[in-house]
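Q: Predicted model and sequence follow; I will ask about them next.
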Amino acid sequence: MTTQNNEANPWHRRAVKPLLYLVLMFTLVLALDWYRNQQVPERLPEHQQLIDLLGQEHNLQSLSQQGPVLVYFWATWCPICQLTSPIINNFNDKYPVVSIALRSGNNQKLQQYIAAKGYEFPVVNDQDGHLTAQWQVGATPTIAVVENGQIVSVTSGVTTSWGLHARLWFYQYFN
């Protein structure tokens, strides 16, 4: 009987440690998101017209009535955005995405960049940072989830596809 306990004990120790790390990481991510959510306004900025590079207007208030919308703040000069943008591009097929490119050059330069990367999400050019300031975004990339005209979640920095899926699923069914 003691031999069996000794064999189970190392497995138990090896399983508990990674589990504790996952719980710690999950708790840290939730705490950071909670802190960032305190800095961003709850409601959308009023009378905000988001016109993308193709001249199409995106009304977040009406788009978000149909389900969650991703608002993606990014920049061409941001190294982390180069990792996050392809993830956001994949979400464009499943959820409405409106991206806001912060201080990334003129429209022509931005269109060339988007074409070279193969991004298909709509891009609003925020050359002077005015839109980003209205949203009180302090870091790129920042991803906001908007539902029913309210900003329900905000995260900044590196994110994963599964983490974003979990946020969207949660706010679609539990908000």
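A: Yes, it's here.
Q: so where's the chain shaky on pLDDT?
A: Residues of the chain meeting the criterion pLDDT under 70: 1-12, 25-42, 47, 172, 174-175.
Q: any idea how it splits into domains?
A: 1-39, 41-174 (automatic domain parsing).
Q: and those domains, which is most packed in?
A: domain 41-174 (a mean of 16; mean count of other CB atoms under 10 Å). C-beta coordinates here come from the backbone N, C-alpha and C atoms, glycine included.
Q: Phe73 belongs to a helix, doesn't it?
A: No. Counting by DSSP: H, G, I helix; E, B strand; the rest coil, Phe73 falls outside a helix, being strand.
Q: That one and Gly138 touch, don't they?
A: No. Taking contacts as CB atoms under 8 Å, Phe73 lies outside contact range of Gly138: 9.8 Å.
Q: so the residue lying closest to Lys117 once chain neighbours are set aside, which of the three states?
A: Leaving aside its chain neighbours, Lys117 sits nearest to Ser85 (6.8 Å; criterion: CB to CB, 6 or more residues apart in numbering). Under three-state DSSP, Ser85 falls in the helix class.
Q: ditto for Ala144
A: Ala144 - assigned by three-state DSSP - is strand.
Q: Likewise for the one 10 residues further on?
A: Using three-state DSSP, the structure places Val154 in strand.
Q: So which residues of this structure form strands?
A: 50-51, 57-58, 69-74, 97-102, 123-126, 142-147, 150-156 (DSSP state E).
Q: Now distance to Trp162 too, for those, in a markdown table please.
A: Putting these into a markdown table (distance: least, CB to CB, whole Å) gives the following:
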| stretch | distance to Trp162 |
| --- | --- |
| strand 50-51 | 28 |
| strand 57-58 | 26 |
| strand 69-74 | 15 |
| strand 97-102 | 17 |
| strand 123-126 | 25 |
| strand 142-147 | 14 |
| strand 150-156 | 13 |
